[in-house]
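S.K.: Structure, please.
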Amino acid sequence: MTHKPAKRDKPWMFRTYAGHSTAKASNELYRGNIAKGQTGLSVAFDLPTQTGYDSDDLLARGEVGKVGVPISHLGDMRALLEGIPLEEMNTSMTINATAAWLLALYIALGDEQGADRNKLAGTVQNDIIKEYLSRGTYVFPPAPSLRLIKDVIVFTAREVPKWNPTNVCSYHLQEAGATPAQELAFALATAEAVLDEVRNSGAVPDAEFPHLVGRISFFVNAGVRFITEMCKMRAFVDLWDEIARDRYGVENPDYRRFRYGVQVNSLGLTEQQPENNVYRILLSMLAVVLSKNGRARAVQLPAWNEALGLPRPWDQQWSLRLQQIVAYETDLLEYADIFDGSEVVEHKVEELKEQARAELAKIEAMGGAVAAIDYMKEALIASNAARIAAIETGEQALVGVNIYTETAPAPLSAGADGITTVPETVEMEQVAALQAWRQQRDDKEVTKALIELKAAASEGRNIMPPSIEAAKAGVTTGEWGKVLREVFGEYRAPTGIAAKHAIDEVRLEDVRRRVDAVSERLGRRLTFVVGKPGLDGHSNGAEQIAVRASDCGMEVVYDGIRFTPAEIVAAAREHKAHVVGLSILSGSHVSLVRDVVQRLREAGLANVPVVVGGIIPAEDVNILKQCGAAAIYTPKDFMLNDIMVGLVDLVDSKAEDLKDQGTPAPQALLRAKVAT
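M.R.: Residues are numbered from 1 along each chain as shown. Modelled structure (predicted):
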């Protein structure tokens, strides 16, 4: 008896998550990757684009083109996809708050190309709940955000039927510390919230609803513990089948299929001995391709050096080649599911399903995913704190980090050209091009389109048709975002840093004594303002620093993401900060640190030390110190207590200059505080 299928299975779609600098530069990267065998595009947008700002907005300063490509208007989209026929390409766009707008630009470009909308295929992530929980590129409050997601789903079902209108994303949940059960439950609860919104809107006839359920896709994470991760994927398949059948009455099993793409774990990639990341990436990929019944439909892999900075084209090629070797050189695709019948796998899958069902029931009792945002955020903070503590104590081994740290020099990352860097001139060029775009368009058509867009948003009409017309009229990303901000307002998600979590009292004793001693010298409790300047929404590091500092007895001021340097300095002044910490992972560290330090000097706070944390290339460390940074921490600094001791010693060295600042004002611009 043979277990081989009649023919070899088709491989999953090969993607490479890419985009930076400019639309033109990103287009060259895409076309190069396609020539190397990539079978689908995966577009990374810069932070201004993700949060609905133009490249010349004040908040965009230092962020343009850093973590993705800036797309301010239809002309940028043309340049991004030049020479790529949209009818023939499957395009994934990692975009959430502004998903409706970027999809509108894509459809408008397809119309220009004469593409049949029925043939356009791809995905917009369009998942806002995980943005509130983990990634931070949200804009609007939950209710209007869900409405925008619903509008995209309804529109694509009728106009672009091959498009995946929502890609429920658990990737960033795991990056924020989610356990496998939490990743399962929080993602599935999000999918339920979205589908409930569509069903309750009455915009889709009951007879068409099962087909719509079948268009929902997922985007997941997979870590190096590949047995557990593979079982998690099989659990996802079973649980989604149950939900589609029992909650939504979907009878056709094809519409109940769990369709997912994956980006394997970046959280576990290390700055120390980064060459080891190649093995971690391979093991993580096996979790989502080994089991046929739980196999991903699309896979994108990080590059080995992403903990150091932006990967080079060669680094991305290396990850692409890994996928191709597994798909074409091994016999993986020649067999049925090799785990069927395994008692070990079956037991683990059932265990994960039971845990996930318990979490889902808890979220349902709270009123669903939106009502449970605070609970889920605090649960992620606590889980991440436990993960970090396990690494610190050695309970969780990381080769090259907390065990087997001896190493020879690594030739792969030698030299300043070991990563891709985005020159500051890119922002100036993008801003100049944006201003030229505004000058050449028809202002009457733009005004007309914006009026219609605002009317549709205010009246509850589907946002997609007026957005497409606005795209064709030359409206910019910032203008689209401004109109919807005026109608819907803005939102500030919970920080979750008051979460109950396990505290290792013994390991904190020495640090607490140091904090108490320095606080006595200062005449009041050591005060630490933690700020995230710019648009970077990766808040996991800042949150864990704030939590640990509070555990150590510091007075901590932190209110999440998206503050201007001026606001952070104002908070430092109001709270009489003894130290300011800046967390920046978007590559904009030089300009933002320079701005904050200069403003502190102008505010008479030159004695307040500034410490910086983030993904910072080695060649930028001296630049930041020249800008005035007193200490710099990168992912290699994984012992949080050592960071705390460094902060205390830094303040202690300046205690005489800092102790005369007086009592903090009761109010400050940062709007939340963790009390010790």
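
S.K.: Centre-most residue in this structure?
M.R.: Arg135 (3.9 Å; CA atoms, centre = their mean).

S.K.: Check what contacts the host helix or strand of Leu103 and list those residues.
M.R.: Element membership for Leu103, per DSSP states H and E: helix 99-113. Defining contact as CB atoms under 8 Å, 6 or more residues apart in numbering, one finds that helix 99-113 is touched by 45, 49, 52, 71, 73-74, 77-78, 81, 85-87, 91, 93, 95, 117, 120, 122, 124-126, 148-149, 151-152, 156, 159-160, 163, 463-464, 467-468, 470-472, 477, 480-481. For the C-beta atoms, the positions are set from N, CA and C on the backbone; glycine is no exception.

S.K.: filter those to the buried ones?
M.R.: 45, 49, 52, 71, 73-74, 77-78, 81, 86, 91, 93, 95, 117, 120, 122, 124-126, 148-149, 151-152, 156, 160, 163, 463-464, 467-468, 470-472, 477, 480-481 (16 or more other CB atoms under 10 Å).

S.K.: Contact partners for the closest residue to Ala379 other than its chain neighbours?
M.R.: Among residues not flanking Ala379 along the chain, Gln182 sits closest, at 6.2 Å (CB to CB, 6 or more residues apart in numbering). By CB under 8 Å, 6+ apart, the contact set of Gln182 is Leu173, Glu359, Met376, Ala379, Leu380, Ser383.

S.K.: can you rerun that using 7 Å?
M.R.: Leu173, Glu359, Ala379, Ser383 (CB atoms under 7 Å, 6 or more residues apart in numbering).

S.K.: now the longest helix anywhere in the chain, how far from the chain's geometric center?
M.R.: Looking across the chain with DSSP state H, the single longest helix is helix 343-366. Centroid separation between helix 343-366 and its chain, computed with CA atoms, centre = their mean, to the nearest Å, is 25 Å.

S.K.: again with stretch 211-223
M.R.: With CA atoms, centre = their mean, you get 17 Å for stretch 211-223.

S.K.: Same check on stretch 397-412?
M.R.: On CA atoms, centre = their mean, the centre of stretch 397-412 falls 27 Å from that of its chain.

S.K.: Contacts for that stretch, please.
M.R.: Thr270, Gln272, Gln273, Pro274, Glu275, Asn276, Ile391, Gly394, Phe638.

S.K.: now stretch 74-94
M.R.: 13, 15, 23-24, 26-27, 30-31, 40-45, 69-71, 102, 105-106, 108-110, 113, 115-116, 119-125, 261, 437, 471-472, 474.

S.K.: same check, this time on stretch 357-366
M.R.: Contacts for stretch 357-366 (CB under 7 Å, 6+ apart): Ala181, Gln182, Ala185, Leu188, Ala189, Ala369, Ala372, Tyr375.

S.K.: Could you rerun that using 8 Å?
M.R.: Ala181, Gln182, Leu184, Ala185, Phe186, Leu188, Ala189, Leu239, Ala369, Ala372, Tyr375, Met376.

S.K.: Repeat that for stretch 321-336.
M.R.: 3-5, 8-12, 14, 37, 278, 281-282, 285-286, 289-290, 292, 299, 301.

S.K.: Figure out the length between the terminal residues of it.
M.R.: 24 Å (CA to CA, to the nearest Å).

S.K.: Now that stretch: average pLDDT?
M.R.: In this model, stretch 321-336 has an average pLDDT of 96.

S.K.: Same question for it: list its buried residues.
M.R.: Buried, per 16+ other CB under 10 Å, within stretch 321-336: Leu322, Gln323, Val326, Ala327, Leu332, Leu333.

S.K.: where do the strands sit along the stretch 201-350 of the chain?
M.R.: 217-220, 260-263, 298-300 (DSSP state E, counting those that start in this stretch).

S.K.: so can I have TSV of those showing mean pLDDT, mean neighbour count and distance to Phe488?
M.R.: Shown next, in TSV, are those (pLDDT from 0 to 100; neighbours: other CB atoms under 10 Å; distance: least, CB to CB, whole Å):
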stretch	mean pLDDT	mean neighbour count	distance to Phe488
strand 217-220	95	25	25
strand 260-263	92	26	29
strand 298-300	91	26	31
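
S.K.: pLDDT below threshold where in the stretch 251-400 of the chain?
M.R.: Applying pLDDT under 70 to the stretch 251-400 of the chain picks out no residues at all.

S.K.: if we can go back for a sec, how about the strands of the stretch 201-350 of the chain in CSV, adding distance to Glu350?
M.R.: Output for the strands of the stretch 201-350 of the chain, formatted as CSV (distance: least, CB to CB, whole Å):
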stretch, distance to Glu350
strand 217-220, 19
strand 260-263, 20
strand 298-300, 26
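
S.K.: what's the closest of those to Arg524?
M.R.: Comparison of those against Arg524 by CB to CB identifies strand 260-263 as nearest, at 45.6 Å.

S.K.: Counting by contacts, list what the closest one packs against.
M.R.: Applying 3 or more CB pairs under 8 Å, 6 or more residues apart in numbering; DSSP states H and E, we find strand 260-263 packed against strand 13-18, strand 217-220, strand 298-300.

S.K.: Pull up the pairing partners for the longest one, direction included.
M.R.: What that stands for is strand 13-18. Take DSSP bridges as the rule and strand 13-18 pairs in its sheet with strand 40-44 (parallel), strand 298-300 (parallel).

S.K.: For it, output the C-alpha coordinates as PDB.
M.R.: Provided in PDB are the C-alpha atoms of strand 13-18 (Å, rounded to 0.1, in the frame of the first residue of the first chain):
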ATOM      1  CA  MET A  13       3.100  30.600  -3.000                       C
ATOM      2  CA  PHE A  14       6.600  31.900  -2.500                       C
ATOM      3  CA  ARG A  15       6.600  35.500  -1.200                       C
ATOM      4  CA  THR A  16       9.300  37.900   0.100                       C
ATOM      5  CA  TYR A  17       8.100  40.700   2.300                       C
ATOM      6  CA  ALA A  18       9.700  43.800   0.700                       C
END
